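K.L.:
take a look and give me a structure for this.
(one chain, ligands or ions: 1)
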Amino acid sequence: MSEKESSIKKKLPVILNGQFFKPDGKCVLCVNKTIKFDENATGNLHKHLKRVHPNSYASYEAMKSKVAKKEENKLSEPKPNFFCFQSSSQLNNTMRLYYR
Ligand SMILES: [Zn+2]
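P.N.:
Numbering: from 1, shown residues only. Predicted coordinates for the structure are as follows:
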């Protein structure tokens with residue numbers, strides 16, 4: 001695997017997941033059309049999808065918001081907290097044991 005490929009794989013935009021475009025910018029919906037794009041700016045891909053494949057662009061938008069929601073859920077997942085499972089009096093007893 002070349003260095004370029006691995007860097008693309010590291011943070012692949014949703015639009016390049018192979019459903020609309022291959023990671024190298026090749027349009028899946030057009031035959032043999034590769035859209036030039038900057039690794040950090042997929043605007044050209046969006047433009048192409050919106051202009052040439054409006055239906056796919058709509059489903060891409062839906063998919064993107066779905067992914068964003070998924071990531072949001074991941075972030076807001078409650079972290080297990082030891083102190084949550086103890087009442088304050090239990091906590092005091094525990095502290096006393098430790099500091100005796
Ligand atoms: Zn296309």
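K.L.:
and residue 34, its phi and psi?
P.N.:
Residue 34 adopts backbone torsions of phi -110, psi 130, taken as degrees, to the nearest 10.
K.L.:
give the bridge partners for it, please.
P.N.:
residue 26 (DSSP bridges).
K.L.:
that one - how many residues pack around it?
P.N.:
12 (other C-beta atoms under 10 Å). From N, CA and C alone the C-beta is placed, and that goes for glycine too.
K.L.:
so where's this structure uncertain?
P.N.:
Residues of the chain meeting the criterion pLDDT under 70: 1-10, 77, 79-91, 94-95, 98-100.
K.L.:
right, is the longest helix belonging to it up against the ion?
P.N.:
Longest helix in the chain, counting residues (DSSP state H): helix 54-76. No. Residues of helix 54-76 are not located near the ion by C-beta under 5 Å from the ion, the shortest gap being 8.1 Å.
K.L.:
cool, and stretch 22-34?
P.N.:
Yes. With C-beta under 5 Å from the ion as the measure, stretch 22-34 is seen reaching the ion through 27, 29-30.
K.L.:
for that stretch, which outside residues touch it?
P.N.:
5, 8-9, 12, 16, 18-21, 35-37, 45, 48-49, 52-53, 56 (C-beta atoms under 8 Å, 6 or more residues apart in numbering).
K.L.:
drop anything exposed from these.
P.N.:
Using 16 or more other C-beta atoms under 10 Å as the burial test, the contacts of stretch 22-34 include 8, 16, 20-21, 35, 37, 45, 48-49, 53, 56 as buried.
K.L.:
okay, those in CSV with secondary structure and distance to residue 71 next?
P.N.:
CSV is the format used below for the buried ones among the contacts of stretch 22-34 (DSSP: H, G, I helix; E, B strand; the rest coil; distance: C-beta to C-beta, whole Å):
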residue, secondary structure, distance to residue 71
8, helix, 19
16, helix, 17
20, coil, 19
21, strand, 20
35, coil, 25
37, coil, 22
45, helix, 20
48, helix, 25
49, helix, 21
53, coil, 25
56, helix, 22
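K.L.:
from these, which single one is nearest residue 97?
P.N.:
Using C-beta to C-beta, residue 8 comes nearest to residue 97 of the buried ones among the contacts of stretch 22-34, at 53.8 Å.
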